[in-house]
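Chemist: Please find the sequence and the predicted model below.
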Protein chains: 4
Amino acid sequence: MLNAAVLGASGYVGAELLRLLAQHPHIRATRLFGGSRAGEAVATAHPQLAADYAGAYFETFTGDLEGVDIVFAALPHGETQKIASAILAAGVPFVDLGADFRLNDAAEFERWYGETHQAPELLGAFTYGLPEIRREAIRSSRAVAAPGCYPTATILALKPLLPFIEDGSIIVDAASGVSGAGRAGKEATHFSTVSESFAAYGLLNHRHTAEMEMELGEGVLFTPHLAPMNRGILATCYATAKAAFDPLQILRDAYAGEPFVTVSDEPPATKWTLGTNAARLTARYDARTGRIVALAAIDNLGKGAAGQMMQCANLMLGFDETAGLARSGVCP
Amino acid sequence: MLNAAVLGASGYVGAELLRLLAQHPHIRATRLFGGSRAGEAVATAHPQLAADYAGAYFETFTGDLEGVDIVFAALPHGETQKIASAILAAGVPFVDLGADFRLNDAAEFERWYGETHQAPELLGAFTYGLPEIRREAIRSSRAVAAPGCYPTATILALKPLLPFIEDGSIIVDAASGVSGAGRAGKEATHFSTVSESFAAYGLLNHRHTAEMEMELGEGVLFTPHLAPMNRGILATCYATAKAAFDPLQILRDAYAGEPFVTVSDEPPATKWTLGTNAARLTARYDARTGRIVALAAIDNLGKGAAGQMMQCANLMLGFDETAGLARSGVCP
Amino acid sequence: MLNAAVLGASGYVGAELLRLLAQHPHIRATRLFGGSRAGEAVATAHPQLAADYAGAYFETFTGDLEGVDIVFAALPHGETQKIASAILAAGVPFVDLGADFRLNDAAEFERWYGETHQAPELLGAFTYGLPEIRREAIRSSRAVAAPGCYPTATILALKPLLPFIEDGSIIVDAASGVSGAGRAGKEATHFSTVSESFAAYGLLNHRHTAEMEMELGEGVLFTPHLAPMNRGILATCYATAKAAFDPLQILRDAYAGEPFVTVSDEPPATKWTLGTNAARLTARYDARTGRIVALAAIDNLGKGAAGQMMQCANLMLGFDETAGLARSGVCP
Amino acid sequence: MLNAAVLGASGYVGAELLRLLAQHPHIRATRLFGGSRAGEAVATAHPQLAADYAGAYFETFTGDLEGVDIVFAALPHGETQKIASAILAAGVPFVDLGADFRLNDAAEFERWYGETHQAPELLGAFTYGLPEIRREAIRSSRAVAAPGCYPTATILALKPLLPFIEDGSIIVDAASGVSGAGRAGKEATHFSTVSESFAAYGLLNHRHTAEMEMELGEGVLFTPHLAPMNRGILATCYATAKAAFDPLQILRDAYAGEPFVTVSDEPPATKWTLGTNAARLTARYDARTGRIVALAAIDNLGKGAAGQMMQCANLMLGFDETAGLARSGVCP
């Protein structure tokens, strides 16, 4: 068994990483760094993990990675910048979920995040961790920046269709479950705010737009919404077709053989992916308007976060890419 | 007190009509037609109405409207066609929610509904019942076809913006609560299908597209989604601007003084409208992509159905337009 | 129109009071006291009230009640004690929802709330505001302490059955929607904590036990639960019967003619009461075990809080007891 | 790999069995019997399983079990009676979830189910499959009747406490998620019936009472409730203590070393068990009333159905009891 360190283990993505590691055949979590919850029992912060993590406590990260074979980080943006050079220097494979090292251009980071990047010299050290697009690069990387949840769904749905659509015509309309907003209790995530409600947020300026534009190579108008559910992202993507074509067939061909991507005719439901690393896609060409609609559903904490991190780790460590990862949804 | 007949009183829209009529100052429901539930107690079919409708039973509609001052119908499409001429002949004001008389062109009906219209000669007798657009016509009408839920939200959001946007550039991406699918129990509306799930449906061919196109005067690409909630519709509408402009100000000006339409800067949440006849709007111009985003939230059973029917009835009968209608949401 | 002051207007009960007052025929809210939100627009704190309270702002309460005809307070426990004497001195009718003046014994207050009562001399000035039990006393009172949500449901279900059940045999098992926990954002009320979860809390020591015991006159074992819903309380009450009897008939007789209490054979669902001041009851005698089960469903913010306050106010002010109150649930 | 047949594979428990088998290290599903859905693709009936069961179709069961190493059945009650003798004759280990062979007394079956048992001579061939109570018997059995979901939670919570409580004093108040009602679409399971609602059902006569009484050896008053969630059962159990004692310690001692049962001080939430075979327990002694409260939370499709079936199968087949089973909940 290899030993993993998890930074940000007390948050929602941290909990999902710990759940996945509890059933991974080759990796276990041995160092759990919990920031402000250091000293607290894992079973207190994550009671759903009480049996698998009985007796475990969160630590404060001081840079010591003795005996650690891989590092996972799920920290607020800005935090990984401060510790990345130490982790890289330790020579331990590193999978980061934060936004700090996803963009390959510090100016773009500053434009969307409104902050000066503290470690621009390390941007080149990280591979953008979407295995279906960059499998070989991830396999040979020592550091991976796993994509955001919205970009994962959007890029999977649109990337293979790019040759067939007009530049500058992409609109992404997506909905997310509430866990994407993180664990902190606030009025915006109160059950009584969210339940029985559907609303857009971050109009015109959601930060994930930058990743979409980087990977798709063109401007994107992106509107995220909050749906009254725990998990799940559905991206409904629109673009103008250069000419009539069959986007469903293009997607089927592009993802044939992919273990975690399934393309079907039926519009996907987020629930099909609950608790998994699966992505479910469909697409249509609309002869009436000359546009395409392409949809992707994922679990924002699975393929949109912890699952994808594990998939990257499996590649980096030479394990079966699917080790410890499910693709049959917890449904109903 | 005037006496109302309700056709389709055993369904979800029927229940909402009965709830509204129980608190209306000038109209009460005296004839409750319940189709397949004729003979059943209202308190059995709608236990939430047991106190206000104690002792009431559903009847079968036979055409008798003796003593009735206004007729509301909330029937499956195709049903109103069969009885409209009888109701019109009786000379009783008629507010219909079905799709049969919304479109002003029988060919469009047949194109989207796949059926020959049985009473095309009556299409001209109905006014499209969106008071904010056609208040005076409704006031002087004897028959009104209340709009569908998606078109209500979409038209309110986009109609005032039409002079400023490019023809053929409209995309409507909307989400609805489950009550929009009607009361019948089926796998698609099972709690365990819907809960914790978000999915698109009716890709490219949802019938409400026809109404949107009729009222907006151009082609629309419309994608409806099902959200895990009882009520509520949020329409997120996109279009290409002819030039930079402020769509929020246009909407504010267009709806100044409207009792049920509120325009604000904050993106609206469907829950704000729960149990009401309110519509909540916002809009943005995106200088990066040259597009606008306009959003509208309503209660699909309120402003999207029974509330709007009551608003039309108030106009037709000469009552205060807001009689019996709320605009403060049942929230939390 | 009479003028109402609302203390605690920025919370959930405050919002429901404002919603009810917006549709009340004889009372309107003219002074909105919002504690920590003083200075904030009502439309910001309660966007669902934006149309009816356009231009209204929360104030800080300084004791001035000039022009006020009735005071409603929905404050955290301990707060009303500080201001009650001033309100009583002003001679304005006062309906309080806090726990401070519900118990008629300061020792009981201190036992369950762990604090010394600051105004024990005023306990006698308040009537326990459950109209179905104390209608005439409320009518002639200048100060009413409206019951807690759990006690309202429990007392309605059990009080008429007391002559037929064994002393000391009462067990109350109840579930509440999340709005009962108040508006503050915290991990315990986070959507992702609550959704898809059902749990007990406050084992053995929930403070509402004291009210139940005061009104029922005997010891009660009470277990509250949190259900993944916004509103609603269902109390499932158990007791040992002295002999075989028909508790359903006893309840029917006890509440015949009550406008807001409906007794039926079918087990009630909380949703039937959503947005209303209704209470729905049923009961059974179990010959196998010699016990009775009595159930009551209410909306915790309606009959369990703001609705009941309004019902009391109507009685105190000489209005129709049902003015401004609904009993048909917002359902589906 | 051993080959499993699943009868009732098209239902909710069937789906969960297929999900568990897709990740089981030693057993895979090779025969999927789907009753009325025979001939349908698994991916159509259970789209969440599309990747793991690509190309699989439901069959009609004709008795042929060639090549099958274990049979799982999740059929409506009454169905297993018809085929049990054939399965037993085939000599294949058999785990049944139906109610047909749980009770050891045909008269009790007829009393609670209202039907004559068709195979009373086989009742003795089945072991009641609750491993924590009957591990060794299960290990050596060829046929196991897995307990119902409510009895599993109730028996785990109360069995160790029986020596300390008064005979005839047990009351069980429990809540279940909607998946327990099965997959069929009907008004009672419609999202808009269930969401935002909490209600009791089956007052006094729920069939699971029989199992509880069989295993606990005394009369039980049981009230089930429906909670607005997909999965999860919480049983809140009451009984009168013979004398003061510490039920929490008794439970801790009873389940020390059990892989799937965790006893903690904090009241358990159903969500902690989502997607797992875990049971979470707590208990209290109330000195005020002399009663105990004992609570158990499980996933009704996990430890309450498919998980427990797999745990039994692991024991019967000589595998690690925990093979293929999770105990860290899918949470948030």
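Modeler: All right, it came through fine.
Chemist: Okay, strands next: where are they in the stretch 51-200 of chain A?
Modeler: For the stretch 51-200 of chain A, applying DSSP state E, counting those that start in this stretch gives strands covering A:70-73, A:94-96, A:127-128, A:143-145, A:170-176, A:199-200.
Chemist: can you count the residues close to A:Gln23?
Modeler: Neighbours of A:Gln23 under the rule other C-beta atoms under 10 Å in any protein chain shown: 17. Glycine gets a C-beta too; all of them are placed from N, C-alpha and C.
Chemist: repeat for A:Glu40
Modeler: A:Glu40 sits with 14 neighbouring residues when counted by other C-beta under 10 Å.
Chemist: what's the spacing between it and chain C?
Modeler: Distance, A:Glu40 to chain C, by C-beta to the nearest C-beta, to the nearest Å: 13 Å.
Chemist: Distance check, the closest residue to that residue other than its chain neighbours against chain C.
Modeler: In this structure, A:Glu40 finds its nearest non-sequential neighbour in A:Phe58, 5.5 Å apart by C-beta to C-beta, 6 or more residues apart in numbering or on different chains. Distance of A:Phe58 to chain C, given as C-beta to the nearest C-beta: 15 Å.
Chemist: again, but for A:Val13
Modeler: Distance, A:Val13 to chain C, by C-beta to the nearest C-beta: 12 Å.
Chemist: ok, that residue - contacts?
Modeler: Counting by C-beta atoms under 8 Å, 6 or more residues apart in numbering or on different chains, A:Val13 touches A:74, A:97, A:301, A:305-306.
Chemist: if we can go back for a sec, so which of the strands of the stretch 51-200 of chain A gets nearest chain C?
Modeler: Among those, strand A:199-200 comes nearest to chain C, with 10.1 Å by C-beta to the nearest C-beta.
Chemist: Quick check: mean pLDDT of the closest one?
Modeler: Across strand A:199-200, the average pLDDT comes to 98.
Chemist: what's A:Ala22 in contact with, if anything?
Modeler: Going by C-beta under 8 Å, 6+ apart, A:Ala22 touches A:28-29, A:49, A:52-53, D:326, D:328.
Chemist: switch the cut-off to 7 Å
Modeler: Counting by C-beta atoms under 7 Å, 6 or more residues apart in numbering or on different chains, A:Ala22 touches A:52, D:328.
Chemist: can you list contacts of stretch A:82-100?
Modeler: Contacts with stretch A:82-100, where a contact means C-beta under 7 Å, 6+ apart, come from A:13, A:63, A:65, A:68-75, A:77-81, A:101, A:113, A:118-119, A:122, A:125, A:129, A:142-146, A:148, A:207, A:305, A:309, A:312-313, A:316-317.
Chemist: mind listing what's buried in it?
Modeler: Going by neighbour count (16 or more other C-beta atoms under 10 Å in any protein chain shown), the buried part of stretch A:82-100 is A:83-84, A:87-88, A:92-100.
Chemist: that's a strand at A:Tyr238, yeah?
Modeler: Yes. Under DSSP: H, G, I helix; E, B strand; the rest coil, A:Tyr238 falls within a strand.
Chemist: Quick check: it vs chain C, distance?
Modeler: For A:Tyr238, the distance to chain C - C-beta to the nearest C-beta - is 29 Å.
Chemist: nearest spatial neighbour of that residue, skipping sequence neighbours?
Modeler: Excluding the flanking residues, the one nearest A:Tyr238 by C-beta to C-beta, 6+ apart is A:Ile171, at 4.4 Å.
Chemist: okay, now the one you found: neighbour count?
Modeler: 21.
Chemist: Over to A:Glu215?
Modeler: Neighbours around A:Glu215, by other C-beta under 10 Å: 21.
Chemist: Over to it: give its phi and psi.
Modeler: Dihedral pair for A:Glu215: phi -80, psi -30, per degrees, to the nearest 10.
Chemist: in chain A, which spans are helices?
Modeler: For chain A, the helices identified by DSSP state H occupy A:12-22, A:42-45, A:80-90, A:106-113, A:131-139, A:149-158, A:191-194, A:208-216, A:247-255, A:307-317, in order along the chain.
Chemist: just how off-centre is the second one within its chain?
Modeler: Meaning helix A:42-45. 24 Å (C-alpha atoms, centre = their mean, to the nearest Å).
Chemist: Much appreciated, bye for now.
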